[in-house]
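K.L.:
generate coordinates for the sequence data below:
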Amino acid sequence: MKTKHVALPNVLLGRGAFHELLQRQVSPTRIADALAEALDLRAGYLRSCEAVTSVLGDHPQASREVARMLEPWLDDRR
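P.N.:
Next comes the predicted model:
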């Protein structure tokens, strides 16, 4: 099986909306860089969270809850 994305939000959106650090790609520096980008570009990440919620619809699922948990970290209205 071949897929461009493995993270469920990216699969649902059909694009690389969120970082996917897998196996040997994982390092403290790469994690820090991904988090810094998420904070710097939080408005775009919030839109992606909203898009994931929209795709999931009214069916409560774990991924929807994860998107909801991430939203406060990315919310620029604070």
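K.L.:
for this structure, what helix or strand is lowest in average pLDDT?
P.N.:
Least confident helix or strand of the chain, by mean pLDDT, DSSP states H and E, is helix 62-74 with a mean of 71.
K.L.:
helix, strand, or coil at the residue nearest in space to the middle of the chain?
P.N.:
With distances taken as Cα atoms, centre = their mean, residue 18 lies nearest the centre of the chain, 3.8 Å away. Look at residue 18: counting by DSSP: H, G, I helix; E, B strand; the rest coil, its state is coil.
K.L.:
might one say that it is in contact with residue 44?
P.N.:
No: counting by Cβ atoms under 8 Å, residue 18 stays clear of residue 44, with 10.5 Å between them. The way it works is simple: take the backbone N, C-alpha and C, and place the C-beta from them, glycine included.
K.L.:
buried sites along stretch 5-18?
P.N.:
Across stretch 5-18, burial judged by 16 or more other Cβ atoms under 10 Å covers 5, 7-10, 12-13, 17-18.
K.L.:
for these, which one is nearest residue 25?
P.N.:
Nearest to residue 25, judged by Cβ to Cβ, of the buried residues of stretch 5-18 is residue 7 at 12.5 Å.
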